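Asks: Quick one, what's the 3D model for this:
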Amino acid sequence: MDATSPFIRTHLYRRVRIRSQPSLDLFCSTVAAKPDLAAAVIELTIDLSAEERAYRDAAHADEDGPRPIPRFVGVLKASATKLTAMSCKLVNLRQLALVECPAVLGDAVLLDGPEGALSRLEVLNVDAWEPRNGQRKGRREFNKRLATFPTLRTLRLSVRDTGLPIVPRADEFSAPCKSLRTLDVDAWRPDAGDPSYDIGRLFPNLRSFVAHQLEEYNTVIPMVETLPNQLEELYLWRYHEFFGRLMPVDIVPLLPSFPRLLYLHLSQGTFTPDSLLRYLRAAPQLRQLSFGCASDISDATLLAIVSLPHLESLELDHALGHQGESLLEQFEQRQFRDGATVDPVWDPLDWDWQEPEFPPGATLEGIESVVSLAQIRGIKVQGTAIGIPRDWEAAWRRERVTVVAEHFVTTGDLSWLEPSGVNLVEVTQYLGGSLRSLREKHGVPSPLAGVASPLEQPL
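Replies: Prediction:
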């Protein structure tokens, strides 16, 4: 079929991703002139993150270093009038994402159109947008607008750079959004003393509440307290610390308020083991339980949890540890890419190797026992804590020995010995001979580069 046929053209417009304002302007003109194409659009993503970075770089060009620019400072080059008209033309749009767009762009698309615009919207994903340049009236307008979307099911809000939530506060409430089922907020940072939020009043039929990147000082409990009691999923993710503890905030005593809760995700500093066990024994409806990175969950507590009769799924991300690809292969790829030999950084994370880390009370042996019991009881277990290699330290050392030895074979240079943490004996054993025989075999001059007085005897 010809790519210019009406069927192909409308099919190509089902999912549209726009990455620049000139492209956005062209899209607005196209849907204005071609109603059939406008009606074909089901998903629209406007991602101006590249332009935003370029804008910031230009703004800081004559400064010593970067400083924050409020998210709403970005310049809108496309016509706001055309953007509003575009939103009215997208009569079948189901999913809309605005990523790092100037505030006036979001205003034009979401706030300035008639009430009936975007009437079939089901998913709205807004990243770093402050309606009406962060003014209080903007939050009220946004709340009022949400209430006009009869089919909106999922709302994702990210405030990573500003920390200013666009969800209206309790004293700014205008109308409930009765259709919403899932609210996903990212880096929401209300401070103690801020006006309260009443999420249940805003979204009375909410079934799922997901909160990512909550920081230590977040007032988590006031958020959870206002969630509607028909909640079925609660996901709380706080920044974690393996070698320091977050100030604990135990939200578990609030969980009996949600008798329909089926899925629960807890992270470090959001529970205590005793309160969690008490709750789980009295919550037979709960089916899925997960723990985030560095969660304070011990082997003994996990064994008690998997002994409960009603759990179907358990996700364990409280411990970390994995082996990446071969260091030698990665090093050769980097050398080929960069066109020169560079001294490697001997940090495991730089090579996608994760050294095993466990919160207090957790051990590899204990986790293995939990998994075994869970399998016997028919509980599905997954997560980063599963399959942590027992020989991680030895494997990481072997990888470093390999890189150092192969570099020596190629260059005669042993200067990587000390920074890598391996020794001359290991390198010699890897290459299978005495240093004298290795010199002769590989044509390496004496003395060896990087070694003042190397051993000469065979091992």
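Asks: my guess is E51 contacts S23, does it?
Replies: No. Counting by CB atoms under 8 Å, E51 stays clear of S23, with 10.4 Å between them. Any C-beta I mention is one placed from the backbone N, CA and C, and that applies to glycine too.
Asks: between the two, who's got more neighbours?
Replies: E51 (20 against 15; other CB atoms under 10 Å).
Asks: Show me where the stretch 301-450 of the chain dips below the pLDDT cut-off.
Replies: When residues are selected by pLDDT under 70, those of the stretch 301-450 of the chain lie in 336-342, 433-450.
Asks: how does it look with 90?
Replies: 328, 331-345, 349, 387, 406-415, 424-425, 428-450 (pLDDT under 90).
Asks: which stretches of it form helices?
Replies: 327-338, 364-376, 392-411, 417-420, 424-431, 435-442 (DSSP state H, counting those that start in this stretch).
Asks: where's D413 relative to V427, distance?
Replies: According to CB to CB, to the nearest Å, D413 stands 12 Å off from V427.
Asks: do the same with Q335
Replies: With CB to CB as the criterion, Q335 and V427 are 19 Å apart.
Asks: which of those two has more neighbours?
Replies: Each of Q335 and V427 has its neighbours counted (other CB under 10 Å); V427 has more, 24 against 14.
Asks: Tell me who's in contact with the residue nearest to that one when sequence neighbours are not counted.
Replies: Counting by CB to CB, 6 or more residues apart in numbering, V427 lies nearest to A405, which is 4.7 Å off, once chain neighbours are set aside. Taking CB atoms under 8 Å, 6 or more residues apart in numbering as the contact definition, A405 lies against 427, 430-431.
Asks: Which parts of this protein belong to which domain?
Replies: Listed by automatic domain parsing, the domain ranges of the chain are 6-311, 327-352+392-459.
Asks: Quick one: closest of these to V370.
Replies: domain 6-311 (4.4 Å; CB to CB).
Asks: that older thread, between the contacts of A405, which sits nearest I18?
Replies: Closest approach between these and I18, by CB to CB: Y430, at 53.3 Å.
Asks: burial of that closest one, as a residue count?
Replies: 16.
Asks: what separates it from D127, distance-wise?
Replies: 49 Å.
Asks: cool, V167 as well?
Replies: V167 is 15 Å from D127, by CB to CB.
Asks: Likewise for L93?
Replies: The spacing between L93 and D127, counted by CB to CB, is 18 Å.
Asks: again with D317
Replies: From D317 to D127 the distance is 24 Å (CB to CB).
Asks: Also V41?
Replies: 20 Å.
Asks: So which of those two has more stuff around it?
Replies: More crowded of V41 and D127, by other CB under 10 Å: V41, with 23 against 20.
Asks: D171: which of the helices of the stretch 301-450 of the chain is closest?
Replies: That would be helix 364-376 among these, by CB to CB, at 46.7 Å.
Asks: which residue packs closest to D299, ignoring adjacent ones?
Replies: G366 (2.7 Å).
Asks: Pull the number of nearby residues for that neighbour.
Replies: Count around G366 with other CB under 10 Å applied: 17.
Asks: And for T81?
Replies: Neighbour number of T81 under other CB under 10 Å is 11.
Asks: ok, it - contacts?
Replies: A108.
Asks: Can you classify it by secondary structure?
Replies: The local conformation at T81, judged by DSSP: H, G, I helix; E, B strand; the rest coil, is helix.
Asks: Over to the one 3 residues further on?
Replies: Each residue gets one of three states, and T84 gets helix by three-state DSSP.
Asks: L105 versus that one, what's the distance?
Replies: 10 Å.
Asks: Same question for A395.
Replies: Distance from A395 to L105, by CB to CB: 50 Å.
Asks: Pick out whichever of the two has more residues nearby.
Replies: L105 (21 against 12).
Asks: Surely the more buried one forms part of a helix?
Replies: Yes. Assessed with three-state DSSP, L105 lies in a helix.
Asks: Is the residue lying closest to it once chain neighbours are set aside in a helix, a strand, or coil?
Replies: Distances taken as CB to CB, 6+ apart put L76 closest to L105, at 5.4 Å, once the chain neighbours are dropped. Three-state call for L76 (three-state DSSP): coil.
Asks: what residues are up against L76?
Replies: L76 neighbours (CB under 8 Å, 6+ apart): 21, 102, 104-105, 108.
Asks: Distance to L327 and pLDDT added to those residues, as CSV?
Replies: Shown next, in CSV, are those (distance: CB to CB, whole Å; pLDDT from 0 to 100):
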residue, distance to L327, pLDDT
Q21, 43, 88
P102, 44, 85
V104, 49, 90
L105, 45, 92
A108, 51, 95
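Asks: Would you mind giving these as CSV with distance to P359 added?
Replies: Shown next, in CSV, are the contacts of L76 (distance: CB to CB, whole Å):
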residue, distance to P359
Q21, 47
P102, 42
V104, 46
L105, 43
A108, 47
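Asks: Look at the nearest residue to E365 once chain neighbours are set aside and report its pLDDT.
Replies: Distances taken as CB to CB, 6+ apart place D299 nearest to E365, at 8.0 Å, with adjacent residues excluded. According to the prediction, D299 has pLDDT 97.
Asks: how many other residues sit next to D299?
Replies: Counted with other CB under 10 Å, D299 comes out at 18.
Asks: Quick check: it touching V371?
Replies: No. Look at D299 against V371 with CB under 8 Å: they stay out of range, at 11.0 Å.
Asks: got the residue ranges for the strands in the stretch 1-150 of the chain?
Replies: With DSSP state E, counting those that start in this stretch, the ranges of strands along the stretch 1-150 of the chain come out as 15-18, 43-47, 95-99, 123-127.
Asks: Columns mean pLDDT and distance to L327 on top of those strands, output as JSON lines?
Replies: Listed next are the strands of the stretch 1-150 of the chain as JSON lines, based on pLDDT from 0 to 100; distance: least, CB to CB, whole Å:
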{"stretch": "strand 15-18", "mean pLDDT": "94", "distance to L327": "36"}
{"stretch": "strand 43-47", "mean pLDDT": "96", "distance to L327": "35"}
{"stretch": "strand 95-99", "mean pLDDT": "96", "distance to L327": "36"}
{"stretch": "strand 123-127", "mean pLDDT": "94", "distance to L327": "36"}
